[in-house]
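> Build me a structure from this.
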Amino acid sequence: MATFKVVVFPHQKREDGTYNVKIRVTQDRKSKYIRTSQYVSSSDITKKKEGGVEKIRIKNQAVIDLMDELILSYRRKLAKAGVCAEKWNIDQVVSYIQEDEVFSLDIIAYGRKCADDMERNGREGSAHTYRVAMNALERFAGGSLDVNMVTVSFLKNYERFLRSEPSMRGVNKSSSPLLSKGQTKKNNAIKLYMTVLKAVFNQAKYEYNDDEAGLIRIPLSPFNRYTMPENIQTASRVLTVEQIQEIIDLPYFRNGSPYYQLNMAKDVFLLSFALMGINSADMYDLIGFEDGIISYERKKTKGRRKDNAFIQVKVEPEISSLLDRYKGKDRVFSFSEKYVSADDFNKAINLGLKKVGQTIGVPDLNFYYARHSMASICANRLGIDIARVDEMLNHSDPKLALARVYIEKDFKPLWEANRKLIDLFDWSFYTKEKPED
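Below you'll find the predicted structure:
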């Protein structure tokens, strides 16, 4: 068990002639010192040399009594920890006895720190989601929120708040979300907010609790007794082969504004479809293109995979004209030269796709349809194995995580599957007519 002793160091005399009183804590022959709020002057102490070393002893009985009470409180606190305290190292002992009776942590500030860590690891999308969720939590709490306030009752009240709050029209990264009138959040959005809070809460418990040492700073587990909202099945984001063909054959817009955005939206949608569902964020930053092969690490998941979500996609002749049309100076595509961020690029695509969707009778058409349709047509129309389709989408399978490390990846089977997809369509709009700008 740890031992305690009151000490005053002669070499730590302050300019006003006083010395700080410290408590030396010793465990397994290792010591650390705890500063106290007590100071002594020359009238409170005696000095003498022992073995040629100057020693200071406190003679003021009032100070002695105060330090005895402090040491007694430390011993009582360690006694509460039980026999496990005997196995702690010196750092654990000092951390435990110095800890306030009630641990305090602003869970909103902690959640934003988690978002910052994600952004540094290249997970910008997840970081953005965490920040939006923390902003909503701050609106409900009215400011900071201590982790000990997150109870089952709190979670139920927070869910009711989210259900009554207007849904977001859009998010400006530099300000709070703008809220639209008359539309409230749906189950899927509410579940996302609650899932983020659960992840942040559990991460805080993992960081600040030490179960083996018996240090439980965050004892509550409210999510064990809270039922998450169920997802509501969203409308299918899958187009038929015929609808994809309609998009391919759709003439470029010559009226309406802006021309570039409308036509670019059509082209980028088809690029994603024909490049195995590449995301707009990856397309925006793409720099790897050699010998007709695009190489990139998927931004959304590269920070969570040992292979950094690396994939290579063969550019088939049918869409090669689009790479020329949007050729960039420093990157594969010129989108970064026209839009200040990948988010702005994605917004421009979706605005243009509304017009494209109206033309083919799919008013809610957005960029996700390209990736979803590619996967669905490969699996359902072409009979490509779902595991292969997952690879084309660059999804991560935890069961194969170790295999990815040891087995050299061969992307040719994916290219063969993608070739079958390309062959379903007539691409003459892009290969023969050479549409004018």
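
> Next, give phi and psi for Phe333.
Dihedral pair for Phe333: phi -110, psi 160, per degrees, to the nearest 10.

> Bridge partners for it, pull those for me.
Lys327 (DSSP bridges).

> Next up, the contacts around it.
Met283, Tyr284, Leu286, Leu323, Tyr326, Lys327 (C-beta atoms under 8 Å, 6 or more residues apart in numbering). In short, each C-beta sits where N, CA and C put it, glycine included.

> can you pick the most crowded of those residues?
Met283 (25 neighbours; other C-beta atoms under 10 Å).

> I'd guessed that residue sits against Leu271; true?
Yes - counting by C-beta atoms under 8 Å, Met283 touches Leu271, with 6.9 Å between them.

> related to what we said a few turns ago, okay, the contacts of Phe333 in CSV with pLDDT next?
Formatted as CSV, the contacts of Phe333 follow (pLDDT from 0 to 100):
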residue, pLDDT
Met283, 94
Tyr284, 93
Leu286, 93
Leu323, 94
Tyr326, 94
Lys327, 93
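
> how does this structure divide into domains?
3-98, 107-224, 241-431 (automatic domain parsing).

> For these, give me CSV that also has distance to Glu230.
Shown next, in CSV, are these (distance: least, C-beta to C-beta, whole Å):
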stretch, distance to Glu230
domain 3-98, 41
domain 107-224, 6
domain 241-431, 21
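
> Least reliable of these by average pLDDT, please.
When those are compared by mean pLDDT, domain 107-224 comes last with a mean of 81.

> Out of the contacts of Phe333, flag the one nearest to Ser164.
Tyr284 (36.4 Å; C-beta to C-beta).

> Check which helix or strand that closest one maps to.
Element membership for Tyr284, per DSSP states H and E: helix 280-285.

> Which other helices and strands does the longest strand belonging to the chain contact?
What stands out as the longest strand in the chain, according to DSSP state E, is strand 30-40. In terms of contacts (3 or more C-beta pairs under 8 Å, 6 or more residues apart in numbering; DSSP states H and E), strand 30-40 is packed against strand 19-27, helix 61-81, helix 90-98.

> so what strands line up beside it?
strand 19-27 (antiparallel).

> Check which residues of the strand it pairs with are buried.
Going by neighbour count (16 or more other C-beta atoms under 10 Å), the buried part of strand 19-27 is Tyr19, Asn20, Val21, Lys22, Ile23, Val25, Gln27.

> any chance of those residues in CSV, plus distance to Val241?
Shown next, in CSV, are the buried residues of strand 19-27 (distance: C-beta to C-beta, whole Å):
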residue, distance to Val241
Tyr19, 85
Asn20, 80
Val21, 82
Lys22, 78
Ile23, 77
Val25, 74
Gln27, 72
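
> So which of these is the closest to Asp291?
Of the buried residues of strand 19-27, the one sitting nearest to Asp291 (C-beta to C-beta) turns out to be Gln27, at 63.4 Å.

> List the residues that contact that closest one.
Ala2, Thr3, Trp88, Asn89, Ile90, Val93.

> that older thread, next SSE after the helix holding Tyr284?
strand 288-290.

> Relative to that following strand, what are the paired strands and their orientations?
In the sheet, strand 288-290 lines up with strand 293-297 (antiparallel) (DSSP bridges).

> what's in contact with whichever helix or strand comes after the strand it pairs with?
Once the chain leaves strand 293-297, the next helix or strand it forms, by DSSP H and E, is strand 310-314. Under the criterion C-beta under 8 Å, 6+ apart, residues 275-276, 278, 292-298, 302, 394, 409, 411, 414-415, 418 lie in contact with strand 310-314.

> Which neighbouring elements make contact with the helix or strand following strand 310-314?
As assigned by DSSP H and E, the chain's next helix or strand after strand 310-314 is helix 320-325. Judged by 3+ C-beta pairs under 8 Å, 6+ apart, the packing partners of helix 320-325 are helix 259-274, helix 428-431.

> Output the ones you listed as JSON lines; include the columns mean neighbour count and distance to Tyr110.
Listed next are those as JSON lines, based on neighbours: other C-beta atoms under 10 Å; distance: least, C-beta to C-beta, whole Å:
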{"stretch": "helix 259-274", "mean neighbour count": "21", "distance to Tyr110": "36"}
{"stretch": "helix 428-431", "mean neighbour count": "16", "distance to Tyr110": "50"}
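
> quick one: which of these is nearest Asn135?
helix 259-274 (29.1 Å).
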